[in-house]
Each structure stands twice: as structure tokens, then as C-alpha cells.
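Visitor: Attaching a predicted model along with its sequence, questions to come.
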Amino acid sequence: MSQTTAAAGGLAAPAPIGARLDRMPITPLHRRLTAVIGVGLFFDTFENNLSGTIGKVLQSDFGFGTTSLKLVLASAFVGQFIGSLTLGRIADRFGRRRAFLINLAIYSACSLLGAFAPNAAWLIVTRFLAGLGIGAEQALSDCYLADVLPASKRGRFIAWAYTLAFCGVPAVGFAALWLVPLSPLGVAGWRWLFVLGALGSALVWGLRRQLIESPRWLAAAGRTEEADRLVARLEAEAAGQGLPLAPPAAGQDTGAARETRLRDIFRPGLLRRTLVLWVFCVLSVVGYYGFGALAPQIVAAKGYGVVAGLGFTALSFLGYPVGSALVLPIVDRVERRTLVAVSAAAMMVAGLGFAYAGSAELIVLCGFAYTLFSNVFSSVSHVYLSEQYPTEIRATAAGAAYSLSKLSAGAMPFALLPVLDAHGPGALFGVIAAAMAVLAVTVFFLGERTTGVCLK
């Protein structure tokens with residue numbers, strides 16, 4: 001395992017605790033933590049694809065025009081922009097576990113309120129508030145898993161969490177296909193989708209109360225005795241399972257806890273990676289959510305009805321968990337930035353195929369290929385983003401980068417729907433392909449190497 005330090009910039013690092021964590025084998029507790037994080041992320045992906053999946057249905061049910069549709073699609077992402085900034089800072093100041101509980105509580109309550117929307121305005125507001133809650137979910141999850149997992153297994157287990165998470169995308173697709181034509185208990189089927197998201201996230205909130213706090217964060221916050229007890233617990237569990245520890249890794253003392261600010265991400269040694277990650281986050285959304293949010297609109301533009309469009313979309317969405325699973329055997333063996341660039345290029349090809357597909361079979365095939373490659377891209381991206389900054393600013397810095405992706409996603413319907421309406425699917429995916437090309441070149445040539453490196 002490389003002893004290179006992933007996070008430069010001169011900030012103090014919790015090396016003794018970090019070195020002990022990096023010596024760990026994977027224990028049952030590591031597996032439980034990964035599963036709980038993955039289940040929470042399941043509802044994050046469910047949420048992110050919900051409005052786009054049922055957009056045509058909402059447009060028909062409420063009778064609103066294109067502007068209202070854009071606002072519904074954008075509102076959750078605008079909320080996520082604010083939530084990602086705010087809760088990332090809370091996670092660095094008050095702990096990862098507390099931020100997890102706050103974000104899911106807000107999301108669960110507001111998603112349930114969305115089920116009772118009498119008009120588009122109510123729906124827009126509740127989608128915004130639900131986004132406020134769920135906005136930091138991915139950044140918090142990535143940082144937490146990067147904190148607790150050993151460096152040699154970090155990529156694989158974060159990818160496992162996202163393989164579970166991305167089952168939420170076909171889940172919302174097939175749930176919409178099943179519920180939208182129905183009215184269980186006299187309530188429109190689309191409303192039950194919001195109820196499912198709210199109840200599921202409430203269940204996860206209960207599970208997350210059992211999470212341990214990040215030992216790296218505790219050490220960086222000066223709570224070294226608590227950090228030591230948690231690491232000793234992991235070491236004892238490994239010993240009890242007969243799992244050997246790796247040789248000790250060299251490191252520095254934790255040092256005194258220090259106040260950190262968002263501007264630290266512009267310090268020498270961190271500035272270039274910050275700029276690369278910001279470009280990456282802004283453009284990645286165009287390729288990733290550009291398909292998930294607009295696929296039903298694209299299918300409709302090809303002349304298919306609402307139910308047929310939901311069916312094509314649901315089948316295409318099966319590629320999400322498959323793509324994430326394909327990452328598992330390679331994510332810790334191939335350099336992350338290379339995987340990001342190659343998968344982005346594959347998305348370009350599959351997306352253009354989807355745009356020009358003239359039959360139902362080709363639509364589903366190209367859609368499946370696109371979602372498969374996009375989740376190779378996404379799973380690696382989450383690992384890559386989690387490895388860039390020191391522990392004491394990791395959630396704040398990652399939250400800032402993720403917030404830009406949410407802002408980009410909020411602007412996306414206003415930027416991409418007019419292209420689709422005026423010029424068709426081919427032009428739309430031409431724009432997406434151009435964005436992914438710029439992203440691939442930026443990350444491949446300017447991004448940092450992170451595979452297997454120890455985190456500060």
C-alpha cells in the first residue's frame with residue numbers, strides 16, 4: 001500500500017489513528033457500516049430520479065406547462081445545493097453521525113408532505129425542502145466511508161455501498177411503472193412514490209442512530225480518547241475474528257484540533273485539485289442526471305406514450321446497479337482518474353446511440369448501456385471525490401464540490417429541455433457528449449492520483 005499522502009496543503013492529519021485504521025482488515029463492523037450507508041444512499045438515488053421519472057405524469061395530472069415542469073425538476077436540486085453546503089459544514093464541525101441524522105429527518109418529513117401536494121407550487125416547495133435534507137447525503141456518505149475504511153479496501157467498499165444505492169434508480173422506475181396507472185385507496189399512484197421515499201428514509205434514520213462516529217474526525221477534533229476507543233474496538237473485533245493487521249504505517253501526530261474554514265481548500269497544494277473537482281462536479285451532472293431526469297422526455301419526443309416511456313425508462317435503469325457492480329473488482333486496481341475518463345467516453349458513445357435509436361429494442365439497449373457506463377463513472381467518481389482533502393475539512397470541501405453539481409443539476413432542465421424541444425434528442429446528446437469530453441480530458445490530465453493512498 002502506498003504511503004503517499006492523498007491530502008496536501010500543510011493541514012494537520014490524524015496520522016496515528018489513520019495509520020491504525022489503514023492497518024485494519026475488513027471486519028463485520030465495516031460491512032455493517034457500509035450496508036447502512038448504502039441503504040441511505042438508495043433513497044438518495046430514489047429521490048434524485050423521482051421527479052424526472054414521473055415528470056410527464058405530473059405535467060398531465062396538474063396540467064402545468066413547460067416552465068412549471070422545469071421548476072419541479074430543478075427545485076429538488078436547488079435545495080440540494082444549499083443542503084450540501086450547510087450539512088457538509090455541520091459534519092466537519094459537529095460530527096458525521098449528527099449530520100446524517102439531520103439530513104434524513106428533513107428529507108423524510110418533506111418528502112411525505114410532497115405526497116399531499118394540491119398544486120404545482122406546493123410540489124415545488126416540498127421538493128426544494130426535501131432536497132435541502134438529502135443534498136449532503138452523497139458527500140457525507142463518501143467522507144464517512146473514506147474515514148472508516150482502510151486504504152487498500154476503500155474503493156471496493158464505497159463501490160459496494162453505491163451498488164446497493166443505485167438499485168434505487170430501477171426501483172423508482174419500476175415503482176412508477178406499477179403505481180402510476182393505479183390509484184391505491186383512491187390516491188393517485190404517483191403520490192405513493194413520495195410516501196415510499198419518506199417511509200424508507202425514516203427507517204434508515206433509525207438504523208443510522210447505531211452508526212459509530214468517524215474516528216478520524218474525532219481525532220481531528222481533538223477527541224483522541226474517543227477515537228482511540230473506537231479504533232481499539234475495531235482492532236479487538238479483527239483479533240476476535242482471527243483477521244491479521246497489516247504492518248504499521250508511518251504517520252504524524254494528530255496535533256491540536258484547529259479551526260478550519262472553507263477558504264482552506266484554496267491553500268497551496270489544494271488549489272489545483274479544488275478547481276479540477278469543481279469543473280468535474282459541474283460537468284458530471286450534465287451526463288449523469290441529464291439522462292436520468294430527461295429520459296422520459298426524450299422517449300416522448302420519439303413518439304411513445306407515457307406508460308410505454310416509463311417501461312423503456314425502467315428497463316434502461318437496470319444498467320445502474322449492474323454498472324456499479326462491474327466496478328467492484330477493478331476500482332482498487334486501476335487508477336481512479338483513468339476509470340473516470342474511460343467511462344465518461346463510453347457514456348458519450350452510448351448516449352448518442354440512444355438519441356438516434358429508431359426502435360424500441362435499440363432505445364432500451366442503448367439506454368441500458370448508457371446507465372451501465374454512467375454508473376461505472378459514478379461509483380468511481382464518489383471514491384475519487386472522497387480521497388481529495390484532509391479529515392478536518394473533508395466534508396466541508398466535498399460538500400462545496402457536490403453543491404456545485406446540485407446547482408448545475410438545478411439549471412439543467414432550463415438549459416437542456418429547450419435544446420430537446422427545439423432540436424431533438426441528437427442535439428441534446430451532442431451537448432452532453434461535449435460536456436463529458438471536457439470532463440474526461442480535465443480529470444485525466446490534471447486530476448490527482450489517489451488509488452491506494454493513505455488519507456490524512
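Guide: Received the coordinates, thanks. Numbers count the residues shown, from 1 in each chain.
Visitor: C-alpha from now on. contacts and neighbour counts both.
Guide: Fine.
Visitor: For Val125, which non-adjacent residue is closest in space?
Guide: Ser75 (7.3 Å; Cα to Cα, 6 or more residues apart in numbering).
Visitor: separation between the one you found and Ile82?
Guide: To Ile82, Ser75 is 11 Å away according to Cα to Cα, to the nearest Å.
Visitor: do Ser316 as well
Guide: Distance from Ser316 to Ile82, by Cα to Cα: 31 Å.
Visitor: Leu58: how many residues sit nearby?
Guide: Neighbourhood size, Leu58 [other Cα atoms under 10 Å]: 21.
Visitor: Just the element for it, please.
Guide: helix 55-62 (DSSP states H and E).
Visitor: What residues of that helix count as buried?
Guide: Gly55, Lys56, Val57, Leu58, Gln59 (16 or more other Cα atoms under 10 Å).
Visitor: how many other residues sit next to Thr126?
Guide: Counted by other Cα under 10 Å, the residues lying close to Thr126 total 26.
Visitor: hmm, I was thinking of Trp190
Guide: 24.
Visitor: sorry, back to before: what sits up against the helix holding Leu58?
Guide: Gly65, Leu69, Leu73, Asn119, Ala120, Val180, Trp190, Pro296, Gln297, Val306 (Cα atoms under 8 Å, 6 or more residues apart in numbering).
Visitor: pLDDT (mean, whole number) over the stretch of helix or strand Val438 belongs to?
Guide: Using DSSP H and E, Val438 maps to helix 425-446. Helix 425-446 shows a mean pLDDT of 90.
Visitor: just stretch 299-307 next, same as before
Guide: pLDDT averaged over stretch 299-307 gives 71.
Visitor: any idea which helix is longest in the protein?
Guide: Identified as the longest helix of the chain according to DSSP state H is helix 391-423.
Visitor: which parts of it are buried?
Guide: 391-414, 416-417, 419-420.
Visitor: can you check stretch 222-242 too?
Guide: So stretch 222-242, judged by 16+ other Cα under 10 Å, has buried residues Gly222, Thr224, Ala227, Asp228, Leu230, Val231, Leu234, Glu235, Glu237, Ala238.
Visitor: SS state for the first one?
Guide: Each residue gets one of three states, and Gly222 gets coil by DSSP: H, G, I helix; E, B strand; the rest coil.
Visitor: got the phi/psi numbers for it?
Guide: Backbone torsions of Gly222, given as degrees, to the nearest 10, read phi 90, psi 10.
Visitor: repeat for the fourth one
Guide: As for Asp228, its main-chain torsions (degrees, to the nearest 10) stand at phi -60, psi -40.
Visitor: contacting residues for it?
Guide: So Asp228 contacts Ile17, Pro215 (Cα under 8 Å, 6+ apart).
Visitor: same thing but at 10 Å, please
Guide: Pro16, Ile17, Arg20, Pro215, Arg216, Leu218, Ala219, Leu234 (Cα atoms under 10 Å, 6 or more residues apart in numbering).
Visitor: on that earlier part again, specify which member of the contacts of helix 55-62 is nearest to Ser381.
Guide: Nearest to Ser381 among these is Leu73, at 23.4 Å by Cα to Cα.
Visitor: quick one: that closest one and Leu416 touch, right?
Guide: No - using Cα atoms under 10 Å as the test, Leu73 is too far from Leu416 to be in contact (11.8 Å).
Visitor: Name the residues contacting each of these two.
Guide: Common contacts of Leu73 and Leu416 (Cα under 10 Å, 6+ apart): Leu294.
Visitor: what's stretch 316-324 in contact with?
Guide: By Cα under 10 Å, 6+ apart, stretch 316-324 touches 159-174, 291-292, 295, 310-311, 325, 363-380.
Visitor: Rounded mean pLDDT for that stretch, please.
Guide: 83.
Visitor: In PDB, list the C-alpha atoms belonging to that stretch.
Guide: Below are the C-alpha coordinates for stretch 316-324, written out as PDB (Å, rounded to 0.1, in the frame of the first residue of the first chain):
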ATOM      1  CA  SER A 316     -32.900   1.200 -19.100                       C
ATOM      2  CA  PHE A 317     -32.400   2.000 -15.400                       C
ATOM      3  CA  LEU A 318     -31.400  -1.600 -14.800                       C
ATOM      4  CA  GLY A 319     -28.000  -0.700 -16.000                       C
ATOM      5  CA  TYR A 320     -27.400   1.500 -12.900                       C
ATOM      6  CA  PRO A 321     -26.700  -1.300 -10.400                       C
ATOM      7  CA  VAL A 322     -25.100  -3.500 -13.000                       C
ATOM      8  CA  GLY A 323     -22.600  -0.800 -13.900                       C
ATOM      9  CA  SER A 324     -21.800  -0.200 -10.200                       C
END
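Visitor: Check the offset of it from the chain's centre.
Guide: Distance of stretch 316-324 from its chain centroid, counting by Cα atoms, centre = their mean, to the nearest Å, is 15 Å.
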